[in-house]
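Enquirer: Sequence first, then the predicted structure:
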Amino acid sequence: MAYKALSNTEARIIAAMGRGVIPRGGESFALGATDLEDKWLPKTDYMLSRMPPLTRLGLKLGVRLLNYVWPLLCLRKLKAMTSMDENELTEMFYVVENSEFPGPLSLLIVKILVFPAFYGLKEVKDAIGYKERFPNHPDFEGLKD
Amino acid sequence: MIKEFKDINKNIIEEADVCVIGTGAGGAVAAKELAEKGLSVVALEEGSYFTYKNFNQDPGDMMAMMYRDSGTTVALGLPPASITMGKCIGGTTTINSATCFRTPQKVIEHWKKEYDCSGLEYDALVPYFEKVEKEISVTELSEDVLGNIYQIVKRGASKLGLEAKPLKHNVKNCDGAGVCQWGCIKGAKQSTEISYIPKADKLGARIYANCHVRRLAVESGKVRSVHGFFIDPATGKRRYSITVKSKVVCLAMGSMITPAFLLKQRLANISGWVGKGLTIHPCGRVVAEMEEEVKGHHGVSQGGQIDAFEDDDIMLEGIFIPPGVMTMTLPGIGEEHKYLAKHYNNLAAFGVMICDTTRGRIFPGLLGYSYIAWYSMNQTDTEKLQTGISIVADIFFAAGAKRVFTGCYGMPILTSRKDLKTFKAMKTKPWHYEVTAFHPLGTCRMGNNPRRSVVNLNLETHDIKGLFITDGSPFPTSLGINPQVTIMSFATRASDYIAKNINRY
């Protein structure tokens, strides 16, 4: 898929982040980030495309760096996030969240890139039982630049 | 008619009595008030013009569309503080929670006593509060619109001997859609793009969106003209210039951008106070998991308040947000995270807002940023934040919460009052908190002494004749309450002064 702000590599890393924080299955709801990757990644891409160039660049570089640094730091593995399975990724993020360093604040980068886009999808809203109180305005025309 | 980039096909030269830069709480009010008094007005706004026809209730999309920098605006420091701002016609009023307060009298008295603002009288401000409240339809909402969280907090607070009160909002026919911060889909919120801007437009003000102001021309200590260009909102590329020759300029770009603009232009800073004294009202968010179904998104985002701790500089106010943003503030990975997302309808949240003693600073923008901000919360404010969070947690436990999420990395989850006791006794540091803020103020402070302030009590800069600052920058300290009515009232007051004295410029 062609993205406006993301390269394919960056999209794969963000997708891996999504897989780790929202894995498939479990007792709460079956959907995992990987099931709807083709829908939420474009939303993340749109969000990134509207950021100032330096913030965008910083986030993109950060994502590329964390792809190797987090596995090394948290799991002592010389492996990229993109080549890890869901269980390994979840375990790694669990370590990040409960560590002194890099610490839970560093997880914000994952949350910013994954959660608003993922939870904005209709399938996910249905899965968690969230329904807006009112539908969009009948004259809703769509987003605008 | 509001002209946007798509309506512009040549360079524009305008002449006006007043050029207003910004269309938020300060700019839109000045534009309308001055146009109503018969002055010719041009208003310039950097963002686009959005209406309920563009609002889809999705925080991700809405932040990308109309928040400055997709909602990633921060003040650097330990911890960095997220300070969200609107970038659209209506400015931050389009994305705020519609909460309205008059300036507390004690704040005005404090400014008079400590910040050289003698001459500023609370009683003289009252007619301006009344006028603004009428324009933006400030009203008290019915309990069903205030939502279930308000009822839960009221219940918990009364068990602790505290009183929760409804907040006042600037709305008309509000049904409590619960998406105030993402653009009101009902058009009920009377943000300035709905209240003031259409009136200014009708009165003949020429309003340009997608217009980035680059330079202010000053000659012999007087403003002469404003220079900018139009930006294609789709590509970010500049095209066509705009020049506005005017006798008076009102800067209303907000407390972060106005000082950065002045610093970059090296204007109005003989006092050396431009950009200094930034206050932000640091906020904490306490989330509770309840047994009962809450559906916190059914009702206004900010329903109630507890002002019992006002004297301790702690204000407790409602807050609720959709799942995409709520989940960002909660701990948990994998199944733990999915459990909380699945129980979104059982979550209740309430905010803690601190009247801060920390002072930050604004620097000129670099490399595509409009400003650079530094704000590192001090230990006093951290302790206030911790106290506020403890009070809200106590209220939630009294109301029957199963668990409370503090937003403090030192102890993010409380499962009982015993945990709360431990949390209260804990020594926390500023960087243990995820700080968000919504009310930057104080970066071009007002006062009578030109050596210690940037603007006088009429909001005109001491250094440059005809240059006014009508946003939140002139307020010397935190207000302790949501500032939109204060900003609007001071802008109305400044507009009266400008209209009476326009022949002097």
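Expert: Yes, it's here. Residues are numbered from 1 along each chain as shown, chains lettered A, B, ... in the order given.

Enquirer: hey, let's count contacts and neighbours off CA atoms from now on
Expert: Will do.

Enquirer: Report the central residue of the chain.
Expert: In the absence of a named chain, chain A is used. Taking C-alpha atoms, centre = their mean, the centroid of chain A lies closest to residue A:114, which sits 2.5 Å from it.

Enquirer: other chain: chain B
Expert: Using C-alpha atoms, centre = their mean, the most central residue of chain B is residue B:439, at 4.2 Å.

Enquirer: what about that one, which helix or strand?
Expert: Counting by DSSP states H and E, no helix or strand carries residue B:439.

Enquirer: pLDDT at the residue lying closest to the residue nearest to the centre of chain A once chain neighbours are set aside, what is it?
Expert: In space, residue A:114 comes closest to residue A:18 once its chain neighbours are excluded; the distance is 5.9 Å by C-alpha to C-alpha, 6 or more residues apart in numbering or on different chains. pLDDT for residue A:18: 97.

Enquirer: What about the nearest residue to residue A:6 once chain neighbours are set aside, how many residues nearby?
Expert: Excluding its sequence neighbours, the residue lying closest to residue A:6 (C-alpha to C-alpha, 6+ apart) is residue A:45, at 6.1 Å. When neighbours are defined as other C-alpha atoms under 10 Å in any protein chain shown, residue A:45 has 19 of them.

Enquirer: Who are the packing partners of the helix or strand containing residue A:45?
Expert: Secondary structure assigned from DSSP H and E places residue A:45 in helix A:37-49. Judged by 3 or more C-alpha pairs under 8 Å, 6 or more residues apart in numbering or on different chains; DSSP states H and E, helix A:37-49 is in contact with helix A:8-21, helix A:108-118, helix B:59-66.

Enquirer: Could you rerun that using 6 Å?
Expert: Here helix A:37-49 touches helix A:108-118, going by 3 or more C-alpha pairs under 6 Å, 6 or more residues apart in numbering or on different chains; DSSP states H and E.

Enquirer: Touching the helix it packs on from outside, list them.
Expert: For helix A:108-118, contacts defined as C-alpha atoms under 6 Å, 6 or more residues apart in numbering or on different chains pick out A:18, A:40, A:43, A:44, B:60, B:324, B:325, B:328.

Enquirer: quick one: the third one from residue A:5, how far?
Expert: As judged by C-alpha to C-alpha, to the nearest Å, residue A:43 and residue A:5 stand 11 Å apart.

Enquirer: do the same with residue B:112
Expert: 51 Å.

Enquirer: Which one's more surrounded, these two?
Expert: Neighbours were counted for residue B:112 and for residue A:5 using other C-alpha under 10 Å; residue A:5 has more, 21 against 17.

Enquirer: So for the more buried one, what's the pLDDT?
Expert: 94.

Enquirer: what mean pLDDT does the top strand by length along chain B have?
Expert: Criterion DSSP state E: the longest strand present in chain B is strand B:238-251. Average pLDDT, strand B:238-251: 97.

Enquirer: Against which helices or strands is that strand packed?
Expert: Judged by 3+ C-alpha pairs under 6 Å, 6+ apart, the packing partners of strand B:238-251 are strand B:12-21, strand B:222-231, strand B:467-469.

Enquirer: contacting residues around the last one?
Expert: The set of residues external to strand B:467-469 that reach it, using C-alpha under 6 Å, 6+ apart, is B:248, B:249, B:250, B:251, B:459, B:460, B:461.

Enquirer: okay, those in CSV with distance to residue B:17 next?
Expert: Output for the contacts of strand B:467-469, formatted as CSV (distance: C-alpha to C-alpha, whole Å):
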residue, distance to residue B:17
B:248, 6
B:249, 9
B:250, 11
B:251, 14
B:459, 17
B:460, 15
B:461, 17
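
Enquirer: So the residue nearest to the centre of chain B sits against residue B:282, correct?
Expert: No: judged on C-alpha atoms under 6 Å, residue B:439 makes no contact with residue B:282 at a distance of 8.4 Å.
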